[in-house]
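Undergrad: Below are the sequence and a predicted model; questions follow.
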Amino acid sequence: MSELREGSATVSAEAEAFYTESLKLLTQSGIPFLLGGTYAVSAYTGINRPTKDIDVFCCGGDFPRILGHFQDHGFGTEIEDERWIGKVKHGDLFFDVIFNSAVAINPVNDRWFKEEHRAVICGADVRLVAPTEMIFSKSFVQMRHKYDGPDVAHLILKQHDKVDWKRLLAHMEQYWEVLLIHLLNFRFIYPTERDCVPDWLLGELLERMQDRAKLPVAQTRICRGRLFSREDYLIDVTQWGFADVVGEEGTKEIPRETKNG
(Lines give C-alpha, C1' and ligand atoms only; values in the text may rest on other atoms or scores of the structure.)
Protein backbone atom coordinates (compact mmCIF):
# COMPACT_ATOMS: atom_id res chain seq x y z
CA MET A 1 0.00 0.00 0.00
CA SER A 2 1.25 3.50 -0.85
CA GLU A 3 1.78 6.12 1.82
CA LEU A 4 -1.20 8.14 3.00
CA ARG A 5 -1.35 11.37 1.02
CA GLU A 6 -3.44 14.48 1.27
CA GLY A 7 -5.41 16.01 -1.58
CA SER A 8 -6.97 19.44 -1.74
CA ALA A 9 -8.80 21.75 -4.11
CA THR A 10 -10.13 25.29 -4.11
CA VAL A 11 -13.84 25.08 -3.25
CA SER A 12 -16.38 26.99 -1.21
CA ALA A 13 -16.99 26.12 2.44
CA GLU A 14 -20.46 24.86 1.49
CA ALA A 15 -19.05 22.56 -1.18
CA GLU A 16 -16.36 21.23 1.13
CA ALA A 17 -19.00 20.40 3.75
CA PHE A 18 -21.04 18.54 1.12
CA TYR A 19 -18.01 16.57 -0.06
CA THR A 20 -17.04 15.77 3.53
CA GLU A 21 -20.50 14.39 4.30
CA SER A 22 -20.65 12.51 1.00
CA LEU A 23 -17.30 10.79 1.46
CA LYS A 24 -18.25 9.86 5.01
CA LEU A 25 -21.49 8.26 3.77
CA LEU A 26 -19.65 6.48 0.97
CA THR A 27 -17.07 5.06 3.35
CA GLN A 28 -19.76 3.90 5.78
CA SER A 29 -21.71 2.21 2.99
CA GLY A 30 -19.03 -0.43 2.44
CA ILE A 31 -19.51 -0.16 -1.33
CA PRO A 32 -16.12 -0.24 -3.11
CA PHE A 33 -15.21 3.07 -4.73
CA LEU A 34 -12.19 5.06 -5.82
CA LEU A 35 -11.74 8.81 -5.85
CA GLY A 36 -10.36 10.43 -8.99
CA GLY A 37 -10.53 13.89 -10.51
CA THR A 38 -8.98 17.06 -9.14
CA TYR A 39 -8.53 15.78 -5.59
CA ALA A 40 -6.64 12.70 -6.77
CA VAL A 41 -4.45 14.80 -9.07
CA SER A 42 -3.68 17.01 -6.08
CA ALA A 43 -2.77 14.02 -3.90
CA TYR A 44 -0.43 12.64 -6.55
CA THR A 45 1.18 15.88 -7.76
CA GLY A 46 0.64 18.55 -5.12
CA ILE A 47 -1.27 20.75 -7.58
CA ASN A 48 -4.11 22.70 -5.99
CA ARG A 49 -6.76 24.13 -8.30
CA PRO A 50 -10.49 24.91 -8.30
CA THR A 51 -13.00 22.16 -8.91
CA LYS A 52 -16.76 21.99 -9.31
CA ASP A 53 -17.22 18.47 -7.91
CA ILE A 54 -15.62 15.23 -6.84
CA ASP A 55 -15.31 12.19 -9.11
CA VAL A 56 -16.26 8.86 -7.59
CA PHE A 57 -15.34 5.79 -9.66
CA CYS A 58 -16.97 2.41 -9.18
CA CYS A 59 -17.70 -0.81 -11.04
CA GLY A 60 -20.86 -0.87 -13.14
CA GLY A 61 -22.63 -3.23 -10.74
CA ASP A 62 -22.02 -0.86 -7.82
CA PHE A 63 -23.25 2.21 -9.70
CA PRO A 64 -26.95 1.74 -8.77
CA ARG A 65 -25.98 0.78 -5.22
CA ILE A 66 -24.19 4.07 -4.66
CA LEU A 67 -27.02 6.14 -6.12
CA GLY A 68 -29.56 4.15 -4.12
CA HIS A 69 -27.56 4.59 -0.92
CA PHE A 70 -27.65 8.36 -1.28
CA GLN A 71 -31.32 8.35 -2.21
CA ASP A 72 -31.98 6.53 1.05
CA HIS A 73 -30.19 9.36 2.86
CA GLY A 74 -32.32 12.05 1.26
CA PHE A 75 -30.08 13.18 -1.57
CA GLY A 76 -31.20 13.74 -5.14
CA THR A 77 -29.79 11.50 -7.85
CA GLU A 78 -29.61 11.71 -11.62
CA ILE A 79 -28.49 9.30 -14.33
CA GLU A 80 -26.91 11.67 -16.79
CA ASP A 81 -25.89 8.96 -19.25
CA GLU A 82 -26.71 5.27 -18.79
CA ARG A 83 -23.46 4.40 -20.51
CA TRP A 84 -21.10 5.87 -17.95
CA ILE A 85 -22.15 8.51 -15.41
CA GLY A 86 -24.67 9.59 -12.79
CA LYS A 87 -24.81 12.33 -10.17
CA VAL A 88 -25.63 12.72 -6.49
CA LYS A 89 -27.09 16.18 -5.87
CA HIS A 90 -27.71 18.50 -2.96
CA GLY A 91 -29.17 21.79 -4.17
CA ASP A 92 -26.70 23.24 -6.66
CA LEU A 93 -23.92 20.98 -5.42
CA PHE A 94 -23.21 17.53 -6.85
CA PHE A 95 -20.64 14.84 -7.33
CA ASP A 96 -20.19 12.44 -10.26
CA VAL A 97 -20.47 8.67 -10.00
CA ILE A 98 -18.52 7.20 -12.92
CA PHE A 99 -18.24 3.58 -14.06
CA ASN A 100 -16.96 3.99 -17.63
CA SER A 101 -15.76 6.62 -20.08
CA ALA A 102 -18.08 8.80 -22.15
CA VAL A 103 -17.51 6.52 -25.15
CA ALA A 104 -17.63 3.31 -23.10
CA ILE A 105 -14.10 2.12 -23.87
CA ASN A 106 -12.57 1.98 -20.39
CA PRO A 107 -15.01 0.48 -17.89
CA VAL A 108 -14.04 0.41 -14.24
CA ASN A 109 -13.32 -3.21 -13.30
CA ASP A 110 -11.39 -5.26 -10.77
CA ARG A 111 -8.07 -4.21 -12.30
CA TRP A 112 -8.75 -0.67 -11.10
CA PHE A 113 -8.76 -1.99 -7.52
CA LYS A 114 -5.56 -4.01 -7.94
CA GLU A 115 -3.45 -1.46 -6.04
CA GLU A 116 -4.25 0.54 -2.94
CA HIS A 117 -3.40 4.24 -2.90
CA ARG A 118 -4.94 6.26 -0.10
CA ALA A 119 -5.32 9.94 0.70
CA VAL A 120 -7.07 12.19 3.17
CA ILE A 121 -9.69 14.10 1.19
CA CYS A 122 -12.00 16.51 3.02
CA GLY A 123 -11.09 14.76 6.26
CA ALA A 124 -11.90 11.26 4.97
CA ASP A 125 -9.38 8.47 4.41
CA VAL A 126 -10.29 7.20 0.92
CA ARG A 127 -8.81 5.06 -1.82
CA LEU A 128 -7.65 6.84 -4.97
CA VAL A 129 -7.77 5.72 -8.57
CA ALA A 130 -4.27 4.31 -9.13
CA PRO A 131 -1.82 6.38 -11.21
CA THR A 132 -2.00 3.74 -13.98
CA GLU A 133 -5.77 4.05 -14.37
CA MET A 134 -5.67 7.83 -13.88
CA ILE A 135 -3.43 8.09 -16.95
CA PHE A 136 -5.59 5.60 -18.84
CA SER A 137 -8.82 7.51 -18.26
CA LYS A 138 -7.38 10.98 -18.75
CA SER A 139 -5.63 10.08 -22.01
CA PHE A 140 -8.94 10.21 -23.88
CA VAL A 141 -10.13 13.57 -22.53
CA GLN A 142 -9.23 15.70 -25.56
CA MET A 143 -12.02 18.13 -26.30
CA ARG A 144 -12.00 21.71 -27.51
CA HIS A 145 -13.08 22.95 -24.08
CA LYS A 146 -11.40 20.31 -21.89
CA TYR A 147 -8.02 18.68 -22.37
CA ASP A 148 -6.36 16.52 -19.71
CA GLY A 149 -2.96 16.24 -21.40
CA PRO A 150 -1.27 18.36 -18.70
CA ASP A 151 -2.65 16.04 -16.01
CA VAL A 152 -1.20 13.04 -17.85
CA ALA A 153 2.21 14.73 -18.10
CA HIS A 154 2.19 15.74 -14.43
CA LEU A 155 1.14 12.25 -13.33
CA ILE A 156 3.97 10.68 -15.32
CA LEU A 157 6.44 13.19 -13.88
CA LYS A 158 5.42 12.71 -10.26
CA GLN A 159 4.21 9.09 -10.22
CA HIS A 160 6.20 7.30 -12.94
CA ASP A 161 7.67 4.88 -10.39
CA LYS A 162 4.13 3.93 -9.28
CA VAL A 163 2.76 3.39 -12.80
CA ASP A 164 2.37 -0.22 -13.90
CA TRP A 165 3.45 0.38 -17.47
CA LYS A 166 2.61 -3.14 -18.64
CA ARG A 167 -0.90 -2.81 -17.22
CA LEU A 168 -1.26 0.60 -18.84
CA LEU A 169 -0.25 -0.85 -22.20
CA ALA A 170 -2.76 -3.67 -21.70
CA HIS A 171 -5.49 -1.11 -20.99
CA MET A 172 -4.59 0.81 -24.15
CA GLU A 173 -3.69 -2.13 -26.39
CA GLN A 174 -6.24 -1.20 -29.05
CA TYR A 175 -5.42 2.49 -28.67
CA TRP A 176 -1.64 2.28 -28.43
CA GLU A 177 -1.22 5.33 -30.67
CA VAL A 178 -2.97 7.48 -28.04
CA LEU A 179 -0.45 6.28 -25.46
CA LEU A 180 2.43 7.02 -27.84
CA ILE A 181 1.14 10.55 -28.39
CA HIS A 182 1.10 11.23 -24.66
CA LEU A 183 4.57 9.77 -24.15
CA LEU A 184 6.03 11.89 -26.95
CA ASN A 185 4.22 14.88 -25.51
CA PHE A 186 5.85 14.16 -22.14
CA ARG A 187 9.31 13.94 -23.73
CA PHE A 188 8.76 17.28 -25.43
CA ILE A 189 7.55 18.96 -22.24
CA TYR A 190 10.28 17.48 -20.03
CA PRO A 191 13.33 16.78 -22.24
CA THR A 192 15.55 16.12 -19.20
CA GLU A 193 13.08 13.67 -17.62
CA ARG A 194 12.76 11.13 -20.42
CA ASP A 195 13.94 8.36 -18.10
CA CYS A 196 10.54 8.55 -16.41
CA VAL A 197 9.19 6.46 -19.30
CA PRO A 198 10.68 2.97 -19.77
CA ASP A 199 12.76 2.60 -22.93
CA TRP A 200 11.14 -0.74 -23.71
CA LEU A 201 7.68 0.84 -23.84
CA LEU A 202 8.62 3.65 -26.19
CA GLY A 203 10.56 1.20 -28.35
CA GLU A 204 7.56 -1.14 -28.53
CA LEU A 205 5.20 1.65 -29.58
CA LEU A 206 7.57 3.08 -32.19
CA GLU A 207 8.07 -0.39 -33.65
CA ARG A 208 4.30 -0.79 -33.90
CA MET A 209 4.11 2.50 -35.78
CA GLN A 210 6.77 1.33 -38.25
CA ASP A 211 5.04 -2.01 -38.73
CA ARG A 212 1.69 -0.30 -39.33
CA ALA A 213 3.22 1.99 -41.94
CA LYS A 214 4.14 -1.05 -44.06
CA LEU A 215 0.51 -2.13 -44.35
CA PRO A 216 -2.07 -0.80 -46.82
CA VAL A 217 -4.46 1.99 -45.85
CA ALA A 218 -7.76 0.66 -44.50
CA GLN A 219 -10.64 0.62 -46.98
CA THR A 220 -13.19 2.09 -44.59
CA ARG A 221 -12.62 5.76 -43.83
CA ILE A 222 -13.30 6.22 -40.14
CA CYS A 223 -12.95 9.09 -37.71
CA ARG A 224 -11.63 7.93 -34.35
CA GLY A 225 -11.73 11.49 -33.09
CA ARG A 226 -15.14 10.62 -31.68
CA LEU A 227 -13.33 8.66 -28.96
CA PHE A 228 -12.02 12.01 -27.73
CA SER A 229 -15.03 14.21 -28.37
CA ARG A 230 -18.37 13.24 -29.83
CA GLU A 231 -19.28 16.88 -30.48
CA ASP A 232 -16.03 18.22 -31.94
CA TYR A 233 -15.87 15.46 -34.56
CA LEU A 234 -19.58 15.22 -35.30
CA ILE A 235 -19.19 16.98 -38.65
CA ASP A 236 -16.78 14.27 -39.80
CA VAL A 237 -19.45 11.57 -39.62
CA THR A 238 -22.48 13.66 -40.57
CA GLN A 239 -21.09 15.68 -43.51
CA TRP A 240 -17.60 14.60 -44.51
CA GLY A 241 -18.25 10.93 -45.26
CA PHE A 242 -16.28 9.32 -42.45
CA ALA A 243 -17.62 6.29 -40.62
CA ASP A 244 -18.05 6.68 -36.89
CA VAL A 245 -15.64 4.69 -34.76
CA VAL A 246 -18.55 2.32 -34.12
CA GLY A 247 -21.18 1.96 -36.84
CA GLU A 248 -21.63 1.89 -40.57
CA GLU A 249 -19.50 3.67 -43.14
CA GLY A 250 -20.44 7.29 -43.86
CA THR A 251 -22.89 7.63 -46.73
CA LYS A 252 -21.95 11.06 -47.98
CA GLU A 253 -19.01 11.17 -50.35
CA ILE A 254 -16.63 14.15 -50.52
CA PRO A 255 -14.45 15.26 -53.42
CA ARG A 256 -11.14 13.47 -53.87
CA GLU A 257 -9.17 16.74 -53.60
CA THR A 258 -10.73 17.34 -50.18
CA LYS A 259 -9.80 13.83 -49.04
CA ASN A 260 -6.18 14.40 -49.94
CA GLY A 261 -6.13 17.91 -48.52
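TA: Nice, I can see it. Predicted, not measured: the structure shown is a model, and the values here were computed from it.

Undergrad: Can you tell me the element R187 falls in?
TA: Using DSSP states H and E, R187 sits within helix 176-189.

Undergrad: List the buried residues of the very next helix or strand once past that helix.
TA: The helix or strand immediately downstream of helix 176-189 is helix 199-213, counting by DSSP H and E. In terms of neighbour count (16 or more other Cβ atoms under 10 Å), helix 199-213 has its buried residues at L201, L202, L205. For glycine as for every other residue, the C-beta is placed from the backbone atoms N, C-alpha and C.

Undergrad: Per-residue confidence, the first one, what does it come out as?
TA: It refers to L201. L201 carries a pLDDT value of 98.

Undergrad: how close does it get to W176?
TA: 10 Å (Cβ to Cβ, to the nearest Å).

Undergrad: what sits in contact with each of these two?
TA: Common neighbours of L201 and W176 are listed as L169 (criterion: Cβ atoms under 8 Å, 6 or more residues apart in numbering).

Undergrad: picking up where we left off before, tell me the mean pLDDT for the helix holding R187?
TA: So the average pLDDT for helix 176-189 ends up being 98.

Undergrad: angle of that helix against helix 199-213?
TA: 130 degrees (axes from the mean of the first three to the mean of the last three Cα atoms, to 10 degrees).

Undergrad: can you give me the offset of helix 176-189 from its chain's centre?
TA: Relative to its parent chain, helix 176-189 has a centroid offset of 16 Å by Cα atoms, centre = their mean, to the nearest Å.

Undergrad: Give me the contacts around it.
TA: Contacts of helix 176-189 (Cβ under 8 Å, 6+ apart): 135, 139-140, 149, 152-153, 156-157, 168-169, 172, 193-194, 196-197, 201-202, 205-206, 208-209.

Undergrad: how many other residues sit next to the closest residue to Y39 other than its chain neighbours?
TA: Using Cβ to Cβ, 6 or more residues apart in numbering and skipping residues adjacent in sequence, the residue nearest Y39 is G7, 4.1 Å away. Look at G7: counted by other Cβ atoms under 10 Å, it has 24 neighbours.

Undergrad: Give the full set of residues in contact with G7.
TA: Contacts for G7 (Cβ under 8 Å, 6+ apart) come out as L35, Y39, A40, V41, S42, A43, A119, V120, I121, L128.

Undergrad: Also G203?
TA: Contact analysis of G203 by Cβ under 8 Å, 6+ apart lists nothing.

Undergrad: quick one: it from L180, how far?
TA: 11 Å.

Undergrad: picking up where we left off before, whichever of the contacts of G7 end up buried, select them in ChimeraX.
TA: Buried subset of the contacts of G7, written as a ChimeraX selection, criterion 16+ other Cβ under 10 Å:
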select :35,39,40,41,42,43,119,121,128
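
Undergrad: a markdown table please, covering the contacts of G7 and showing pLDDT and secondary structure.
TA: Putting the contacts of G7 into a markdown table (pLDDT from 0 to 100; DSSP: H, G, I helix; E, B strand; the rest coil) gives the following:
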| residue | pLDDT | secondary structure |
| --- | --- | --- |
| L35 | 97 | strand |
| Y39 | 95 | helix |
| A40 | 96 | helix |
| V41 | 97 | helix |
| S42 | 96 | helix |
| A43 | 96 | helix |
| A119 | 96 | strand |
| V120 | 95 | strand |
| I121 | 94 | strand |
| L128 | 97 | strand |
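
Undergrad: from the contacts of G7, which single one is nearest N106?
TA: N106 has its nearest neighbour among the contacts of G7 in A40, at 15.7 Å by Cβ to Cβ.

Undergrad: Spit out the contact partners of the nearest residue to that closest one once chain neighbours are set aside.
TA: By the measure of Cβ to Cβ, 6+ apart, the closest residue to A40 outside its immediate chain neighbours is L128, 4.7 Å from it. Remark: with contacts taken as Cβ under 8 Å, 6+ apart, L128 is in contact with R5, G7, L34, L35, G36, A40, A43, Y44, H117, R118, A119.

Undergrad: cool, I121 as well?
TA: E6, G7, Y19, L23, L35, Y39, A43, I54.
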